[in-house]
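Student: here are the coordinates; sequence isn't available:
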């Protein structure tokens with residue numbers, strides 16, 4: 001056995017899962033579709049705790065008029081964030097955050113926040129996020145726009161100052177949180193960022209730079225339908241979008257004198273505008289150009305999103321049943337692309353290791369695991385992993401041939417044959433099976449104390465699990481029994 005180190009890919013991938021346009025989809029379902037983990041899963045919530053309507057979801061508030069736009073409401077129509085002032089840490093989004101981290105991924109949390117909140121009112125939010133490891137927090141995204149409700153409550157200068165305030169609170173009370181500024185992007189007419197002077201200090205204090213950029217978008221959804229006779233949509237040149245995003249990063253380096261990770265927090269084409277086939281082609285062109293670019297300037301992007309009520313997803317929500325998704329052509333393309341080396345976590349083999357061993361989980365780009373060899377003379381008939389005794393109640397992620405499998409606490413057996421259903425062997429092969437141990441309940445905790453109020457320390461970014469032994473691995477090349485009553 002060897003210790004292995006889970007590291008960053010050439011470009012990390014995050015997946016949007018739920019927003020105003022669709023419900024959250026189980027991580028187990030997404031993992032079965034993708035066959036691999038993402039760096040992070042993006043959740044979108046809103047927080048206006050002092051509003052009289054709070055915490056009613058915006059779309060359920062009776063304003064007396066039919067909405068004329070997607071954001072024609074007192075606050076954004078994301079699901080309400082029920083922590084903070086309310087302190088409901090077992091409600092949304094925390095139950096989803098735990099599920100995401102159990103399955104070896106990091107949380108990417110978007111919050112639209114009332115920009116009038118004080119530092120004292122933000123501290124409870126920071127304390128909420130302390131047990132969730134290396135969480136990425138995006139606050140009041142697309143803040144140089146005009147469409148979101150927080151833009152009606154504050155000037156651009158006030159929004160920039162509010163972002164600085166959020167960073168100060170998070171860095172002091174939740175240093176495990178990295179704060180993302182999603183602001184104006186590079187403008188070819190001026191060679192500058194949109195409102196770069198106003199948001200300069202915010203860019204400097206942010207941990208991560210970001211922009212949202214769609215290849216096509218029907219922004220009139222869900223109020224109207226995009227047709228050739230309407231003017232509620234746009235379609236862009238993919239190469240121009242790529243250049244705009246890259247120049248945003250270069251300009252940020254120039255005006256701040258800093259070099260920070262650059263991400264695209266929302267990226268996709270809209271099938272409402274181009275149709276499903278061209279939507280897939282546009283995203284494929286962007287992803288392949290990114291792989292060919294020698295500069296490697298983009299740290300990550302988030303595909304918006306897995307299942308969408310419109311046509312911005314790998315699946316479209318079945319209008320008859322929101323629990324069902326209708327797969328789009330982009331699903332197969334995206335799955336093929338994300339399994340290419342450029343988008344795949346690097347797994348580095350380290351020194352020999354003996355069990356029991358204490359393994360560290362720092363996050364989806366920084367973790368320790370164990371690998372063992374598996375020999376196959378041909379495509380097996382059975383390939384199963386059995387978790388007995390003390391292994392039964394452990395939380396384990398397994399990687400095999402680039403595919404990822406999850407074992408929840410209490411589960412005794414995981415069938416890995418699905419890898420061979422899609423990748424049959426042409427002959428004998430030696431392959432590696434790897435084991436990682438994300439936190440059992442999705443939360444980091446100090447050894448003794450309250451994770452919401454304990455002193456800062458290694459526990460906020462790392463969790464540790466002792467792997468006592470390897471599970472039993474069953475590899476069989478022949479069926480248990482076979483009675484051929486038909487011609488060969």
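Tutor: Okay, I see it. Everything numeric here is computed off the predicted structure, so don't read it as measured data.
Student: Going by C-alpha atoms from here, please, whenever you check contacts or count neighbours.
Tutor: Fine.
Student: May I see the buried residues of stretch 20-31?
Tutor: Using 16 or more other Cα atoms under 10 Å as the burial criterion, the residues of stretch 20-31 that qualify are 20, 21, 22, 23, 24, 25, 27, 30, 31.
Student: From residue 228, how far off is the last one?
Tutor: If you measure residue 31 against residue 228 using Cα to Cα, to the nearest Å, the figure is 37 Å.
Student: And residue 401, by the same measure?
Tutor: Distance from residue 401 to residue 228, by Cα to Cα: 46 Å.
Student: Looking at the two, which is more packed in?
Tutor: residue 401 (12 against 9; other Cα atoms under 10 Å).
Student: hang on, that one packs against residue 432?
Tutor: Yes - counting by Cα atoms under 8 Å, residue 401 does reach residue 432; the two are 7.3 Å apart.
Student: now the end-to-end length of stretch 335-351.
Tutor: Termini of stretch 335-351 sit 32 Å apart (Cα to Cα).
Student: before we move on, what about stretch 182-189?
Tutor: End-to-end for stretch 182-189, by Cα to Cα: 21 Å.
Student: Mind listing what's buried along that stretch?
Tutor: Result for stretch 182-189 [16+ other Cα under 10 Å]: buried residues 182, 183, 184, 185, 186.
Student: average pLDDT for that stretch?
Tutor: For stretch 182-189, the mean per-residue pLDDT is 96.
Student: Which residue ranges of the stretch 51-200 of the chain form helices?
Tutor: Along the stretch 51-200 of the chain, the stretches classed as helices by DSSP state H, counting those that start in this stretch are 94-102, 119-129, 150-153, 156-173, 200-205.
Student: Need the ones you listed in TSV (columns: mean neighbour count and mean pLDDT).
Tutor: Formatted as TSV, these follow (neighbours: other Cα atoms under 10 Å; pLDDT from 0 to 100):
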stretch	mean neighbour count	mean pLDDT
helix 94-102	21	98
helix 119-129	19	98
helix 150-153	17	95
helix 156-173	20	98
helix 200-205	20	98
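Student: could those go into CSV alongside distance to residue 284?
Tutor: Converted to CSV, the helices of the stretch 51-200 of the chain look like this (distance: least, Cα to Cα, whole Å):
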stretch, distance to residue 284
helix 94-102, 26
helix 119-129, 35
helix 150-153, 34
helix 156-173, 34
helix 200-205, 30
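Student: do you know which of those helices lies nearest residue 448?
Tutor: Minimum separation from residue 448 across these (Cα to Cα) falls at helix 119-129, 16.9 Å.
Student: Run the angle between the closest one and helix 94-102 for me.
Tutor: In terms of direction (axes from the mean of the first three to the mean of the last three Cα atoms, to 10 degrees), helix 119-129 departs from helix 94-102 by 50 degrees.
Student: Can you pull out the residues in contact with helix 119-129?
Tutor: The contact list for helix 119-129 (Cα atoms under 8 Å, 6 or more residues apart in numbering) reads 83-85, 89, 135, 165-166, 169-170, 173-174, 177, 452-453.
Student: and if we set it to 10 Å?
Tutor: Residues outside helix 119-129 that contact it (Cα atoms under 10 Å, 6 or more residues apart in numbering) are 47, 49, 81-89, 94, 97, 109, 113, 135-137, 162, 165-177, 443, 451-454, 460.
Student: can you tell me which strand in the protein is longest?
Tutor: Longest strand in the chain, counting residues (DSSP state E): strand 366-376.
Student: continuing past it, what's the next helix or strand?
Tutor: strand 382-386 (DSSP states H and E).
Student: tell me which residues of the helix or strand following that following strand are tucked away?
Tutor: Per DSSP H and E, the first helix or strand lying C-terminal to strand 382-386 is strand 396-400. Of all the residues in strand 396-400, those buried under the rule 16+ other Cα under 10 Å are 396, 397, 398, 399, 400.
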